[in-house]
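S.K.: could you work out the structure for the sequence below:
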Amino acid sequence: MAGGTIDIWPLYLFHPGASTVNFALSLRAHCRIETRIDDKIILESRDRDVAFESSLDTIEDLIHDKRLELISKLVHFFKPNTGFHLTAYSEAPAGAGLAGSSALNIACVGALNRLAGNRYDESEFVSLAANIETTVIKVPAGFQDYYPAQYGSVSCIHFRPDHIEREALDVNVAELERRMAICYTGEPRLSGINNWEVFKRHIDGDPELFQLFEGIRDSAVRMRELLLADNWKGIADSMRRAHPNRKQLAPNITTPQMDMLIDKALANGAEAAKVCGAGGGGCIAFLCAEGRKQDVEAALANEEGVEVLRWTVAREGLVVNES
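M.R.: Next up is the predicted model:
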């Protein structure tokens, strides 16, 4: 809802009071592990329709495997001592900008940690997931995307010099579900915000970028206060003011199709729009006027290739079941 991009270390250290406000969707990521009686390791992604075999004897080679790179590196890190078949899949559309890869990362960390004998406490999962994903994407990973998957519900994540703290927000979740419409544009996101370029400009001391990040920081602080106050008029106003700031940070955050969808939603009862993730495609979230969510969704659903997502706020995060 507010505060994206400022969650990348060490950028938040330059903006005291930096935070991110987000909520977890019920579009879950899944990791299923079935143990085997031999030493085979089978890794499978249903979303990508990729599967391959390895073994306990060649587990060290997985750190270099590119076929399912994140899962391979996670398996290499945990180094289970039994053969197994891991199947991963996500309910979110591919390239939606809804932190699907981060959710899948947390799901795999939870499952592999259980397979490895609960080696790490759950409080360490976010750092593990971010550090291992950084070795895959080869640029610093932001932290905020892992918290909805880990904890669920509505959160404010505070980025402080001594630690990152997740604050559970006691907000009107039912009203959030009534007001927020989310559509998948049909265009997989192409990173409208290039986080590495933004990172370098910030570290190089670009004064304009620094001020934009101050605005991102302030919008998240304001969003937290408005949600806690159940002030939906203020929330809409804050989201409207944040959108041009994000466009200034990265003009490519919206495509012509996304601009058209935003205009159409605003003409049919939406009060504000929020591009999800890095933009350049993927999903857009719309805050709708009271009683207008169905009108907004109907208008968006008429556009070819657009999918209106069905979701609720996920009240719980990571769940690990063992049979």
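
S.K.: helices of the stretch 201-323 of the chain, start to end?
M.R.: For the stretch 201-323 of the chain, helices defined by DSSP state H, counting those that start in this stretch occupy the ranges 207-228, 232-249, 256-267, 293-301.

S.K.: mind listing what's buried in the first one?
M.R.: Spelled out, it's helix 207-228. For helix 207-228, the neighbour count (16 or more other Cβ atoms under 10 Å) marks 209, 212-224, 226-227 as buried. Just so you know, the C-beta spots here come from the backbone N, C-alpha and C atoms, and that holds for glycine as well.

S.K.: over to the shortest one?
M.R.: When neighbours are counted by 16+ other Cβ under 10 Å, the buried residues of helix 293-301 are found to be 293, 295-297, 299-300.

S.K.: ok, and the closest non-adjacent residue to A220?
M.R.: G3 (3.2 Å; Cβ to Cβ, 6 or more residues apart in numbering).

S.K.: tell me who's in contact with that neighbour.
M.R.: For G3, the contacting residues are 18-22, 144, 157, 216-217, 219-220, 223, by Cβ atoms under 8 Å, 6 or more residues apart in numbering.

S.K.: would a markdown table of those residues with distance to D57 and pLDDT be doable?
M.R.: Output for the contacts of G3, formatted as a markdown table (distance: Cβ to Cβ, whole Å; pLDDT from 0 to 100):
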| residue | distance to D57 | pLDDT |
| --- | --- | --- |
| A18 | 46 | 97 |
| S19 | 46 | 97 |
| T20 | 43 | 96 |
| V21 | 47 | 96 |
| N22 | 42 | 96 |
| Q144 | 39 | 93 |
| I157 | 41 | 98 |
| I216 | 48 | 93 |
| R217 | 50 | 95 |
| S219 | 52 | 95 |
| A220 | 48 | 96 |
| M223 | 51 | 97 |
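
S.K.: make a markdown table out of those and add distance to T254.
M.R.: Formatted as a markdown table, the entries for the contacts of G3 read as follows, by distance: Cβ to Cβ, whole Å:
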| residue | distance to T254 |
| --- | --- |
| A18 | 24 |
| S19 | 24 |
| T20 | 21 |
| V21 | 21 |
| N22 | 20 |
| Q144 | 21 |
| I157 | 25 |
| I216 | 17 |
| R217 | 22 |
| S219 | 18 |
| A220 | 20 |
| M223 | 20 |
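
S.K.: out of these, which comes closest to N268?
M.R.: For these, the minimum distance to N268 (Cβ to Cβ) is 24.0 Å, reached by M223.

S.K.: thinking the closest one is in contact with M1, fair?
M.R.: Yes. Because the distance of 5.4 Å satisfies Cβ atoms under 8 Å, M223 is recorded as touching M1.

S.K.: shared neighbours, the two?
M.R.: Listed contacts common to M223 and M1 are V21; contacts here mean Cβ under 8 Å, 6+ apart.

S.K.: sorry, back to before: would CSV of the buried residues of helix 293-301 with pLDDT and distance to A96 be doable?
M.R.: Listed next are those as CSV, based on pLDDT from 0 to 100; distance: Cβ to Cβ, whole Å:
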residue, pLDDT, distance to A96
K293, 97, 19
D295, 97, 23
V296, 97, 18
E297, 97, 16
A299, 96, 20
L300, 96, 15
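
S.K.: for G97, find the nearest of the helices of the stretch 201-323 of the chain.
M.R.: Taking Cβ to Cβ as the measure, the helices of the stretch 201-323 of the chain were each checked against G97, and helix 256-267 came out nearest at 10.8 Å.

S.K.: would you mark the buried spots in the closest one?
M.R.: Buried residues in helix 256-267 (16+ other Cβ under 10 Å): 258, 261-262, 264-266.

S.K.: can you list the neighbours in contact with that helix?
M.R.: When contacts are taken as Cβ under 8 Å, 6+ apart, the neighbours of helix 256-267 outside the stretch itself are 181, 183, 185, 187, 254, 270, 273, 275, 279, 281, 284, 286, 296, 299-300, 303, 306.

S.K.: swap in stretch 303-323?
M.R.: Everything outside stretch 303-323 that qualifies as a contact, by Cβ under 8 Å, 6+ apart, is 23-28, 93, 106-107, 110-111, 114, 122, 125, 148-154, 173, 176-177, 181-187, 260-261, 264, 283, 297, 300-301.

S.K.: and S55, how close does it get to D65?
M.R.: From S55 across to D65, the span is 13 Å (Cβ to Cβ, to the nearest Å).

S.K.: look at the two and report which has more neighbours.
M.R.: When S55 and D65 are compared for neighbours, D65 comes out ahead with 17 against 13, by other Cβ atoms under 10 Å.

S.K.: element containing the closest residue to the more buried one other than its chain neighbours?
M.R.: Beyond its immediate neighbours in the sequence, the residue positioned closest to D65 (Cβ to Cβ, 6+ apart) is S72, lying 4.2 Å away. According to DSSP states H and E, S72 maps onto helix 69-78.

S.K.: which element follows that helix toward the C-terminus?
M.R.: Using DSSP H and E, the helix or strand that follows helix 69-78 in sequence is strand 84-90.

S.K.: no further queries at this time; thank you.
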